[in-house]
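Trainee: build the 3D model from these lines:
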Amino acid sequence: MTGSLSKTPLYNKHVYYGGKMVPFAGYELPVQYNAGVMQEHRAVRERVGMFDVSHMGEVLFRGPDALANIQHLLCNDFATLQDGRVRYSPMLNPKGGVIDDVLVYRRAADEYVMVVNAANRHKDVKHILENQFGQVEITDISDTVCQIALQGPLAEKMMETLTDQIPQKYYSFLDSVRISGIRCILSRTGYTGEDGFEIYVRAQDGEAMFDLLYDAGKPFQLQLCGLGCRDTLRLEAAMPLYGHEMDDTVSPLETGLGRFVKLDKSEFIGRQALIDAGEPQRARIGLRMIGRGIAREHYPVLCEGKEIGFTTSGTHCPTVGPVAMALVQSAYQEPGKTLQVIIRGKPVDAEVVSLPFYKRS
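Mentor: The predicted structure follows:
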């Protein structure tokens with residue numbers, strides 16, 4: 001997207017509540033509020049936090065060939081997906097690189113919603129439409145949707161004060177929940193490593209839903225959260241981020257997403273390239289910093305002076321300390337191994353550790 005930045009339906013709420021606005025994926029979004037990233041992060045781990053994720057894109061597939069199109073576009077298998085369930089998948093290019101990673105919601109046998117990453121929305125929609133076939137209507141509905149995430153151990157108790165229609169299983173959703181008369185999709189999903197919900201409403205209902213959730217959250221010490229803690233939370237949970245752990249040059253098998261790649265499926269874009277590539281030569285690993293220093297993205301990773309890869313994400317995380325994820329040659333992925341990350345020109349020791357760094361109890 002070129003030109004001026006877009007505003008989500010909740011822009012005025014962020015400004016009113018003191019959100020520090022920054023450009024992100026073509027939108028103006030809060031990086032943090034007055035409490036700061038550390039407090040926002042802790043609120044999600046200990047209580048409940050609320051995020052504006054309206055910048056994410058939504059693409060509607062409708063028609064007898066909706067499933068066939070999704071099966072062709074994505075490497076996971078959606079043949080067994082039931083109504084009211086959600087499934088994750090990378091979307092690949094013909095060379096087996098990752099165009100994006102998406103969620104697919106099945107509303108009916110002939111109706112699906114694909115949720116795509118904000119920065120990739122227009123690229124994704126172009127790719128989807130270029131590969132469209134058969135009887136299917138594909139519509140980018142992103143601008144008509146407001147999406148709010150409620151994340152943390154108290155999220156369910158908080159939602160129970162608003163509705164008795166709560167999806168019980170992780171990666172499931174209810175399609176026509178009414179909260180104070182506002183119709184929404186209530187989805188048990190998230191990107192923080194905690195239990196929680198993502199709530200989809202019409203853009204024009206966004207502010208009213210925000211107010212309802214904000215008021216309902218007061219007894220639970222709800223914290224408004226920005227992009228800063230969204231990143232530290234997902235990093236602790238070792239959730240890959242497009243443009244960091246994967247991109248058009250990285251295969252899902254290299255970045256640890258093999259369980260979402262169904263090579264026994266008869267056909268999908270990129271399948272043959274993955275088969276031809278054979279065993280992955282690179283692997284995504286976790287690094288816990290031993291020496292002093294914070295590993296950021298794209299820092300060289302060495303073993304005994306030899307460069308073996310690079311960091312993909314890294315920072316000081318509030319729950320687990322200084323950690324990073326890296327893409328390295330497959331031979332160096334054993335936990336317990338000591339590697340070096342080049343920080344400001346100097347090698348700093350880091351230990352290979354199992355992912356995720358944090359798992360909720």
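Trainee: show me where the stretch 201-350 of the chain has its strands.
Mentor: 223-224, 282-289, 300-303, 306-317, 321-329, 338-343, 346-353 (DSSP state E, counting those that start in this stretch).
Trainee: would CSV of those with distance to Arg42, mean neighbour count and mean pLDDT be doable?
Mentor: (Glycine included, C-beta is placed from N, CA and C.) Shown next, in CSV, are the strands of the stretch 201-350 of the chain (distance: least, Cβ to Cβ, whole Å; neighbours: other Cβ atoms under 10 Å; pLDDT from 0 to 100):
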stretch, distance to Arg42, mean neighbour count, mean pLDDT
strand 223-224, 8, 22, 98
strand 282-289, 20, 22, 98
strand 300-303, 30, 19, 98
strand 306-317, 11, 19, 98
strand 321-329, 14, 22, 98
strand 338-343, 26, 20, 98
strand 346-353, 22, 18, 98
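Trainee: who's in contact with Leu150?
Mentor: Contact partners of Leu150, counting by Cβ atoms under 8 Å, 6 or more residues apart in numbering, are 48-51, 158-159, 196-199, 213, 217.
Trainee: if we go to 10 Å?
Mentor: Counting by Cβ atoms under 10 Å, 6 or more residues apart in numbering, Leu150 touches 44, 48-51, 156, 158-159, 186, 190, 194-199, 213, 216-217, 222, 225.
Trainee: check Val348 too.
Mentor: Contacts of Val348 by Cβ under 10 Å, 6+ apart are 289-295, 299, 322, 339-342.
Trainee: tell me where the protein has helices.
Mentor: 11-16, 37-46, 66-73, 121-130, 155-160, 206-217, 227-236, 271-277 (DSSP state H).
Trainee: for the second one, packing partners?
Mentor: In other words, helix 37-46. With contacts taken as 3 or more Cβ pairs under 10 Å, 6 or more residues apart in numbering; DSSP states H and E, helix 37-46 sits against strand 27-32, strand 49-52, strand 145-151, strand 223-224, helix 227-236, strand 306-317.
Trainee: mind listing what's buried in it?
Mentor: 37, 39-45 (16 or more other Cβ atoms under 10 Å).
Trainee: check the residues you listed against Asp231 and report the nearest one.
Mentor: Closest approach between the buried residues of helix 37-46 and Asp231, by Cβ to Cβ: Val37, at 8.7 Å.
Trainee: that closest one and Val31 touch, don't they?
Mentor: Yes. With contacts defined as Cβ atoms under 10 Å, Val37 counts as touching Val31 at a distance of 8.0 Å.
Trainee: got any residues that touch both of the two?
Mentor: 226-231.
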